[in-house]
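**Student:** Test case, fold it:
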Amino acid sequence: MTAGYRLGHLRNNELLSALSALVQRGNQLTAELLAHLAELDQRRLHLELGFPSLFAYCTESLHLSEPAAGRRIAAARVCRRFPDVFALVARGELHLSALCALAPHLTSANAEELLRISKHKTRRQVDELIAARFPRPAVRAQIRRLPSRSEVGSSPLEIPEWPTPSPGARPAQARIEPISSERYGVHFTADVTLRRKLEQARSLASHRLPNGDWASVVELALDALIEKLEKERFSVGTRPRAARHAQKSSSTQQRATFATRTGGDIGARLSPGDSTRASTDARSRHIPSAAARAVYERDRGQCAFVSADGRRCSAQHLLQLDHVTPWAKGGAATAENLRLLCRAHNQQHARAHFGSERVEAIVASARSAR
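**Tutor:** Numbering: from 1, shown residues only. The predicted structure is shown next:
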């Protein structure tokens, strides 16, 4: 321990005074941090830096822990909606946990009151205030037996439920934890239907896996699922169709195939302007299987966005086939003009070409439809 952290020489009043000053300085720094996160979020700067989300930027670049990043992002977005909250945080009147609990309930009509009555309250007190104003249905009365530690270890399907997450927190649907350099413990809650399917899969695979090892059964099932989805979305492993067969595909089938493969390419869903409408009306939005397969293999199943400093986005979730030159601006559905992008970078690319207002309208319409 360095000399600066040895405080034995301080008198009691000096220690308490210094601690109070540090807490106040920490509150001010927290408010400044939230302001910077809010502005970064507003500019979507993390996308330009090659991160698929603000959460990924906070954990991978700023090296915050997952819970710390989640709380600060939620609080920063509350502050962005209600700028007066910055001062409340700087003065220590509201802490991050309170803002996370309040976030789902704050509106322009109730924000002033909720923020006022939440000042200097603990997280539990804030939860009680929220429950009084936004009551939820009564919980079902039940008494159930939890498995003992030995039973949990003997049967992966009898894992007790995780504690109910606090309001505003992301529910813990599963947990993967490292138990050695190359092994992981996977925990989740299975209902009756899933348990039946697992048992059936183990029975069907019993000739190949006579020991019935659960990890091997799940891996075998995932291999089949990955192969199936890669074939459906990106035509991996399929044979090229004959040209005459492709010509017989109806426009309805083409649109369905396109939607399945892209997952919602914004640039392809935007209508072309009047100057290009005549030339694009006759063009098909269909992406040929060969092109989809080539793009998926070339981009290795990962978002292809690369930042100015050479960082490639690591996202492999919600990937979409994106037209480099948008379809609405004459872009062709060829491997050279297609790439894999995560949803966030796909939308960012569309904003650059069509403006934020048009893109947000498309996104809002899609959410309403869902």
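
**Student:** Residue 231: neighbouring residues, count only.
**Tutor:** Residue 231 has 14 neighbouring residues, counting by other C-beta atoms under 10 Å. Bear in mind the C-beta positions are built from the backbone N, C-alpha and C, glycine included.

**Student:** need the contact list for residue 126.
**Tutor:** Contact analysis of residue 126 by C-beta atoms under 8 Å, 6 or more residues apart in numbering lists 97-98, 101-102, 118.

**Student:** repeat that for 7 Å
**Tutor:** By C-beta atoms under 7 Å, 6 or more residues apart in numbering, the contact list for residue 126 reads 98, 101-102, 118.

**Student:** what pLDDT does it get?
**Tutor:** Residue 126 is assigned a predicted lDDT (pLDDT) of 93.

**Student:** what does residue 169 give?
**Tutor:** Model confidence at residue 169, given as pLDDT, is 41.

**Student:** With residue 243 instead?
**Tutor:** Predicted confidence (pLDDT) for residue 243: 44.

**Student:** all numbers from here: first residue = 500
**Tutor:** Fine by me, first position is 500 from now on; the one you just mentioned is residue 742.

**Student:** can you list the weak-confidence ranges in this structure?
**Tutor:** For the chain, the stretches with pLDDT under 70 are 500, 637-672, 680, 738-782, 869.

**Student:** Find the centremost residue of it, please.
**Tutor:** Ranked by distance to the mean C-alpha position of the chain (C-alpha atoms, centre = their mean), the top residue is residue 552 at 7.3 Å.

**Student:** mind checking how far that residue is from residue 537?
**Tutor:** Between residue 552 and residue 537 the computed distance is 15 Å (C-beta to C-beta, to the nearest Å).

**Student:** Kindly report the same for residue 823.
**Tutor:** Distance from residue 823 to residue 537, by C-beta to C-beta: 31 Å.

**Student:** How about residue 621?
**Tutor:** Going from residue 621 to residue 537 by C-beta to C-beta gives 25 Å.

**Student:** For the two, indicate the residue with more neighbours.
**Tutor:** For residue 621 and residue 537, the more surrounded residue by other C-beta under 10 Å is residue 537, and the numbers stand at 21 against 11.

**Student:** I'd guessed the more buried one sits against residue 579; true?
**Tutor:** Yes. Between residue 537 and residue 579 a contact is recorded at 4.1 Å, counting by C-beta atoms under 7 Å.

**Student:** what's the closest residue to residue 522 other than its chain neighbours in contact with, if anything?
**Tutor:** Excluding its sequence neighbours, the residue lying closest to residue 522 (C-beta to C-beta, 6 or more residues apart in numbering) is residue 591, at 6.9 Å. By C-beta under 7 Å, 6+ apart, residue 591 lies in contact with 522-523, 526.

**Student:** could I get these as a markdown table with distance to residue 867?
**Tutor:** Formatted as a markdown table, these follow (distance: C-beta to C-beta, whole Å):
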| residue | distance to residue 867 |
| --- | --- |
| 522 | 45 |
| 523 | 46 |
| 526 | 40 |
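
**Student:** Can you flag the buried ones in the residues you listed?
**Tutor:** By neighbour count, with 16 or more other C-beta atoms under 10 Å, those hold residue 526 as buried.

**Student:** now, which of the contacts of residue 591 lie within helices?
**Tutor:** Judged by DSSP state H, the contacts of residue 591 include 522-523, 526 as members of helices.

**Student:** List just the nearest of those residues to residue 611.
**Tutor:** Using C-beta to C-beta, residue 526 comes nearest to residue 611 of the ones in helices among the contacts of residue 591, at 21.0 Å.

**Student:** Tell me the secondary structure at residue 717.
**Tutor:** Applying DSSP: H, G, I helix; E, B strand; the rest coil to residue 717 yields a three-state assignment of helix.

**Student:** Burial check on it, number of neighbours?
**Tutor:** Residues near residue 717, counting by other C-beta under 10 Å: 15.

**Student:** if you go through the stretch 650-799 of the chain in chain order, where are the strands?
**Tutor:** 673-677, 683-687 (DSSP state E, counting those that start in this stretch).

**Student:** ranking those by burial, who's on top?
**Tutor:** Counting by mean count of other C-beta atoms under 10 Å, strand 683-687 has the highest mean neighbour count of the strands of the stretch 650-799 of the chain, with a mean of 13.

**Student:** between that strand and strand 673-677, how many degrees?
**Tutor:** Using axes from the mean of the first three to the mean of the last three C-alpha atoms, to 10 degrees, the inter-axis angle of strand 683-687 relative to strand 673-677 is 170 degrees.
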